[in-house]
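K.L.:
For reference, the sequence and a predicted model appear below.
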Amino acid sequence: MVGILVHGDNHFILRGPQLDRAAALALVQHWSCIQIGATTPPTLDLWTIVTREFRENLEWAVTVPGDNHMSPAVAQLLAELSARGIVICDYS
């Protein structure tokens with residue numbers, strides 16, 4: 001499965017199952033700060049960042065609070081996903 005994790009004005013396209021709140025927050029915390037040489041904790045190994053994916057392939061979407069507002073492009077993508085019937089999980 002492929003989905004999008006939105007954190008404020010940042011987002012990640014992920015391959016893996018839909019995130020619950022705890023996993024979403026843990027991934028955001030792990031990936032939002034560059035850590036040279038860091039490895040992903042085993043509890044988060046189910047998800048990997050995808051660098052290229054068609055928006056039609058996105059099957060889930062999760063948003064978590066961030067310091068900045070969501071970008072207009074990501075807001076538009078979420079609106080398109082919602083129009084396709086995909087539930088946007090908001091873990092505010």
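P.N.:
Looks like it came in fine.
K.L.:
just the helices in this protein please.
P.N.:
Taking DSSP state H as the criterion, the chain contains helices spanning 21-31, 72-83.
K.L.:
Export these to CSV and append columns for distance to Val64 and mean pLDDT.
P.N.:
For glycine as for every other residue, the C-beta is placed from the backbone atoms N, C-alpha and C. As requested, the helices of the chain are arranged in CSV below (distance: least, Cβ to Cβ, whole Å; pLDDT from 0 to 100):
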stretch, distance to Val64, mean pLDDT
helix 21-31, 5, 94
helix 72-83, 13, 95
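K.L.:
Buried deepest among those helices, which one?
P.N.:
Scoring the helices of the chain by mean neighbour count under mean count of other Cβ atoms under 10 Å gives helix 21-31 as the most buried, with a mean of 17.
K.L.:
can I get the helices of the chain in JSON lines with distance to Leu44?
P.N.:
Formatted as JSON lines, the entries for the helices of the chain read as follows, by distance: least, Cβ to Cβ, whole Å:
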{"stretch": "helix 21-31", "distance to Leu44": "6"}
{"stretch": "helix 72-83", "distance to Leu44": "22"}
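K.L.:
OK, contacts around Ile86?
P.N.:
Neighbouring residues of Ile86 by Cβ atoms under 8 Å, 6 or more residues apart in numbering: Leu58, Glu59, Trp60, Ala61.
K.L.:
Verify the stated contact: the third one with Gln18.
P.N.:
I take that to be Trp60. Yes - under the contact definition of Cβ atoms under 8 Å, Trp60 touches Gln18, with a separation of 4.0 Å.
K.L.:
which residues do the two both contact?
P.N.:
Both Trp60 and Gln18 are contacted by Met1, Gly3, Cys89, under the criterion Cβ under 8 Å, 6+ apart.
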